[in-house]
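1. sequence first, predicted model second:
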Amino acid sequence: MEDVAREAGVSRALVSLVMRERPNVSEARRQRVLDAASKLGYRPNAMARSLASRRTKTVGVILDDLRNPFFAEIAGGVEELASELGYQLLLAAGGRQARRERAAVGALLEHRVSGIIMVSPRMSAGDIAAAAAEAPLVMVSRAVRGVDADTVLINEAHGTGLVLDHLIGLGHEAIAHVDGGAGAGGPQRRSAYLRGMRAARLGRHALVIPGDFTEEAGVSAAAELVRRPELPTAIFAANDMVAAGLLGGLDRAGVAVPRDVSIVGYDNISLAHLAHVSLTTVDQPRTEMGRLGLELLLDRIDNRRANQVRLIEPTLVVRSTTAPPRTVTAAVA
C-alpha cells in the first residue's frame, strides 16, 4: 500500500480507505488510487487484512459427498447469499468419512475462516463440539445434542409421512424401505417409516433393506428384492440417488416402474426432474437450506450466543414413478 500511496501521491491511510471501500473518499482521489494500484498490479492481501482486523469474510463449507447433487445444491444456496454479502467460500468434502471431515475442519481453521457450515456431518458429537469451540458452527441436516452450534433441519417425520400417505392412498400395502444407513437423516426416515407402517396397520408388510445414500445401494437393493419370492408393490428410497439405483437395477431385471413397482425418492435433486426419470420424491428446498445456514452463521459471528434450530417442512412432488398397484388397477378396470 505504501507503493500505491507513493505512486498516487496520497497517504497510506487514504489507500487503506479506498481498498476497504469506505464511503468518505472523493471520487477523484479514489480513482487516482485505483489507477495507481492497477498500474502497479496491486491486489489487497486478504490474509494480512484478516490478521489486522481479526475477522475474515471467508466461510468454510464441508459437504458430505460431492457425488450427490443434493450437497452441491445446498452449497449453491450458501454461495448465492455469500456473493450478495461479499463473503468468500472455502469448500471441502468429507467423502462420507469422519476422518476426512476432521482433516477438513483443521484445514479451514488454519485458514482462519469466520465460521464453518457442515452439511450432514459424520463426525462424532465430541469432534463436532470441539470444532464449535474453535469457530462459529452451523450444521445442516443433522442435530447433535449438547453442542454449541445452530442447526437447519428438515422435518423427517413429516416427509416420510407424506410418502406413506401418498402410497397408501394409491392402494399400496406392501411398501418396502431402502434405508440410508447411518448417514444424516437415514435413521430418522427409517424410524418414521416403521412407525407409519404400524400406525396404518401395515406393520406385517414392513420391510427395511439396509443401504446408504448412494446409487450403488439402490442397485444392490434392487438385486435383493428381485430374488425374493414376491416383490413389494412400492419402495420408499432413502434419497434420490438410491431411487436412481433402484430404477436402473429393476429395469435390468425386467421390472417395470410404476406398472410393477412404484418408487418414491427423497431430496428432489436435479436428477429427479429429468424427463426419462420423472421421479416422485420429497422436496427438500436445498437453496433455501443453504441460505438459511449462512444467515444463522453470520448472525452467530455477530455475537449471538443462544443456539437456534430452524425446522423446514418438506413437500411431496408427484411425478411418473408412482401409480396404483396392479391389483387395484385391475379391479378398477
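-> In hand now; what should we look at? Numbering: from 1, shown residues only.

2. how is the protein divided into domains?
-> Structural domains annotated on the chain: 2-44, 56-154+286-313, 156-284+317-332, as defined by automatic domain parsing.

3. now tabulate the ones you listed in CSV and tack on mean pLDDT and mean neighbour count.
-> Every residue, glycine included, has its C-beta placed from N, CA and C. Formatted as CSV, these follow (pLDDT from 0 to 100; neighbours: other C-beta atoms under 10 Å):
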stretch, mean pLDDT, mean neighbour count
domain 2-44, 83, 14
domain 56-154+286-313, 93, 19
domain 156-284+317-332, 94, 20
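
4. helices of the protein, residue ranges please.
-> With DSSP state H, the ranges of helices along the chain come out as 2-8, 12-19, 27-40, 46-53, 69-85, 98-110, 125-134, 156-170, 186-199, 215-227, 240-252, 270-273, 286-301, 326-332.

5. check contacts around Leu85.
-> Listed by C-beta atoms under 8 Å, 6 or more residues apart in numbering, the contact partners of Leu85 are Leu298.

6. look up how far Leu297 lies from it.
-> Relative to Leu297, Leu85 is positioned 11 Å away (C-beta to C-beta, to the nearest Å).

7. before we move on, what about Gly41?
-> Separation of Gly41 from Leu297 (C-beta to C-beta): 34 Å.

8. cool, Gly169 as well?
-> As judged by C-beta to C-beta, Gly169 and Leu297 stand 40 Å apart.

9. ok, Ile117 next?
-> Note on Ile117: its distance to Leu297, by C-beta to C-beta, is 6 Å.

10. Gly196 too?
-> Gly196 is 34 Å from Leu297, by C-beta to C-beta.

11. circling back to that earlier point, same list, the helices of the chain, but as CSV with distance to Arg142 please.
-> As requested, the helices of the chain are arranged in CSV below (distance: least, C-beta to C-beta, whole Å):
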stretch, distance to Arg142
helix 2-8, 47
helix 12-19, 39
helix 27-40, 44
helix 46-53, 29
helix 69-85, 12
helix 98-110, 11
helix 125-134, 9
helix 156-170, 11
helix 186-199, 10
helix 215-227, 19
helix 240-252, 18
helix 270-273, 22
helix 286-301, 12
helix 326-332, 38
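
12. nearest spatial neighbour of Ala237, chain-adjacent residues omitted?
-> Leaving out its chain neighbours, the residue that sits closest to Ala237 by C-beta to C-beta, 6 or more residues apart in numbering is Ala243, at 3.8 Å.

13. residue contacts, the one you found?
-> Ala243 makes contact with 218, 237, 263-266, 272, 279, 281, 321 under the criterion C-beta under 8 Å, 6+ apart.

14. again, 6 Å this time
-> 237, 263, 265, 279 (C-beta atoms under 6 Å, 6 or more residues apart in numbering).

15. same deal with Leu164?
-> Leu164 makes contact with Gly196 under the criterion C-beta under 6 Å, 6+ apart.

16. now the one 10 residues further on
-> When contacts are counted by C-beta under 6 Å, 6+ apart, Ala174 is found next to 205, 232-233.

17. any idea how far Arg43 is from Leu90?
-> From Arg43 to Leu90 the distance is 18 Å (C-beta to C-beta).

18. next one: Glu110
-> Using C-beta to C-beta, we find Glu110 at a distance of 11 Å from Leu90.

19. next: Ser83.
-> From Ser83 across to Leu90, the span is 14 Å (C-beta to C-beta).

20. go on, Asn68?
-> As for Asn68, its distance to Leu90 is 20 Å (criterion: C-beta to C-beta).
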